[in-house]
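Chemist: turn this into a structure:
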Amino acid sequence: MARTRPIYVPALRLKQGEYRGLQRLAPDVADKIVPRLVVPPPKERDPEKHRLLTKDEIVHETGRRIADHWKMRDAFLDVRFLFPEFGEAECAEWLPRMFDVARKAHAQPIPILSLEDAIGPRMAAFRLALATDGATRVAIRVESGEIDSELAGRLASAMSRLGVTPEECAILADFSDADFSDALAVANIAQAALEDLQGIGRWRHVIFQGTNYPESNPAEADGNAIIPRNEWLAWKEAIKLDGTSPEHLIFGDYGADCAKFEFRKNSGGIPIRHYRYTTSDSWLVVRGSAAGQAEAVMRGVCERILSSGKFAGRSFSSADDYIFKTAKGRDGPGNGSTWREINTTHHITQVVRDIGGIKGMTFTETTFVDPTDQLSII
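Modeler: Numbers count the residues shown, from 1 in each chain. Coordinates of the predicted model:
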């Protein structure tokens, strides 16, 4: 499959809801993104095997799942949460093997490492895991607080040790710790960071990544909440300040989620019945009751999305069709993993279409019909 330059990089947990959400995407939307997939640590209960995975299983299952749900497409792979339990000393063995297994299964993972990784003992393992088939061989994650006068020297040292050039590197400017309450202030900081990074090298990509989504559910039971997507507003302001092509600064966020990666040993809790419905400038969080049958509760949640005035229409994406059919009692109710999947597919579709609108791109509308409609046509 031909590689195209991405216009969007969502950071997603490599959990069932997210990777199934990727698989749901329409091809013309999927073509425009490179996801950043964060691998959960061994203490995270696996939803498919219903138990904790062993170290060897994580190495193999990670590659298999990326290939099964994102075959022959580039993906940035973030393995930083594996080091505490997999071991620093052994990383030269397990880390390259994970990438090798993925590539043999026809996945196209690109390693993400921090500046600390690139100049520390993990570097040798990452060097063995560099992508060899494609223009981007590695992504270096730079936290917003690391963009200072010493950054040029640290990046030069990192690239020298890895044996790569700026043209082969993506820089991920991570604003996960930034306060997005003032979108314009963040835009100015992002633009200054872009100028600093462009002054250091001709990078393959520079990706701005952050989110204004809160760490706890903002909606009360049976209530709605609207959260402004200030990371999106900040990016749009930053590319206006630049005055040049928005290709210089690729937009990234954390999907329909916060920037805090929280992994629990047991997933026995009851998931909150809700959807996080992305609009052109906000999230509409529609939450149902914890009591009652899930079918009735989630049907009510979806009915409220349809009547909100924010619903994009069932032809917008397969996720929107699912919401529509759940509201009409023809599908659903799903479970926590399903709701995450639907959030992921709709969110990515919304973001790609919005960025595409800035760039003059067009996308295909899909007509979804119900089985009864199909029978009536025959």
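
Chemist: would you map the helices across this structure?
Modeler: Under the criterion DSSP state H, the chain contains helices at 16-24, 27-30, 55-69, 83-86, 91-104, 115-119, 123-129, 151-162, 183-200, 230-242, 294-306, 318-327, 336-359, 371-377.

Chemist: kindly reformat those as CSV containing mean neighbour count and mean pLDDT.
Modeler: Just so you know, the C-beta spots here come from the backbone N, C-alpha and C atoms, and that holds for glycine as well. Formatted as CSV, the helices of the chain follow (neighbours: other C-beta atoms under 10 Å; pLDDT from 0 to 100):
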stretch, mean neighbour count, mean pLDDT
helix 16-24, 22, 96
helix 27-30, 15, 96
helix 55-69, 19, 89
helix 83-86, 15, 89
helix 91-104, 19, 94
helix 115-119, 19, 91
helix 123-129, 20, 96
helix 151-162, 17, 95
helix 183-200, 18, 91
helix 230-242, 21, 90
helix 294-306, 19, 98
helix 318-327, 23, 98
helix 336-359, 22, 97
helix 371-377, 8, 55
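
Chemist: would you reformat those as a markdown table and include distance to Ser282?
Modeler: Output for those, formatted as a markdown table (distance: least, C-beta to C-beta, whole Å):
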| stretch | distance to Ser282 |
| --- | --- |
| helix 16-24 | 20 |
| helix 27-30 | 20 |
| helix 55-69 | 28 |
| helix 83-86 | 36 |
| helix 91-104 | 36 |
| helix 115-119 | 34 |
| helix 123-129 | 38 |
| helix 151-162 | 34 |
| helix 183-200 | 12 |
| helix 230-242 | 9 |
| helix 294-306 | 13 |
| helix 318-327 | 17 |
| helix 336-359 | 11 |
| helix 371-377 | 32 |
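
Chemist: can you tell which of the ones you listed is closest to Val286?
Modeler: Between Val286 and the helices of the chain, the shortest separation by C-beta to C-beta is 5.0 Å, and it involves helix 294-306.

Chemist: quick revisit: which one of the helices of the chain lies nearest to Tyr8?
Modeler: Per C-beta to C-beta, nearest to Tyr8 of those: helix 336-359, 5.4 Å.

Chemist: ok and the closest one relative to helix 16-24, angle-wise?
Modeler: For helix 336-359 against helix 16-24, the angle by axes from the mean of the first three to the mean of the last three C-alpha atoms, to 10 degrees is 40 degrees.

Chemist: against Asn212, how distant is Asp179?
Modeler: Asp179 sits at a distance of 9 Å from Asn212 (criterion: C-beta to C-beta, to the nearest Å).

Chemist: please identify which of the two sits among more neighbours.
Modeler: Neighbour totals were compared for Asp179 and Asn212, and Asn212 leads with 24 against 11 (other C-beta atoms under 10 Å).

Chemist: the more buried one reaches Arg229, doesn't it?
Modeler: Yes: if you go by C-beta atoms under 8 Å, Asn212 and Arg229 touch, sitting 6.2 Å apart.

Chemist: before we move on, the earlier item: select, out of the helices of the chain, the one closest to Gly255.
Modeler: Nearest to Gly255, of the helices of the chain and by C-beta to C-beta, is helix 336-359 at 5.6 Å.

Chemist: okay, angle between the closest one and helix 230-242 too, please.
Modeler: On the basis of the same axes, to 10 degrees, helix 336-359 is oriented at 20 degrees to helix 230-242.

Chemist: quick one: distance of helix 336-359 to the chain centre.
Modeler: Helix 336-359 sits 10 Å away from the centroid of its parent chain (C-alpha atoms, centre = their mean, to the nearest Å).

Chemist: cool, and stretch 309-321?
Modeler: The answer for stretch 309-321 is 20 Å, by C-alpha atoms, centre = their mean.

Chemist: endpoint to endpoint, that stretch covers what distance?
Modeler: 16 Å (C-alpha to C-alpha, to the nearest Å).

Chemist: make residue 1 into 735 and carry on from there
Modeler: Yep, numbering from 735; the last one is stretch 1043-1055 now.

Chemist: contacts for that stretch, please.
Modeler: Contact with stretch 1043-1055 is made by 755, 758-760, 763, 1011, 1013, 1018, 1039, 1057-1059, 1075-1080, 1083-1084, 1099-1102, as judged by C-beta atoms under 8 Å, 6 or more residues apart in numbering.

Chemist: how does it look with 7 Å?
Modeler: Applying C-beta atoms under 7 Å, 6 or more residues apart in numbering, the external contacts of stretch 1043-1055 come out as 758, 760, 1011, 1013, 1018, 1039, 1058, 1076, 1079-1080, 1083, 1099-1102.

Chemist: got it, and stretch 857-869?
Modeler: Contacts of stretch 857-869 (C-beta under 7 Å, 6+ apart): 737, 808, 825-826, 829-830, 833, 842, 844-845, 847, 851, 871-872, 895-898, 938.

Chemist: need the contact list for the closest residue in space to Thr1078 that isn't next to it in sequence.
Modeler: Spatially, and ignoring its direct neighbours in sequence, Thr1078 is nearest to Gly755 (2.7 Å; C-beta to C-beta, 6 or more residues apart in numbering). Gly755 is in contact with Glu1075, Thr1078, Thr1079, counting by C-beta under 7 Å, 6+ apart.

Chemist: now do 10 Å
Modeler: By C-beta atoms under 10 Å, 6 or more residues apart in numbering, the contact set of Gly755 is 744, 746, 749, 769, 803, 989-990, 1052-1053, 1071-1072, 1074-1083.

Chemist: sweet, I'm off.
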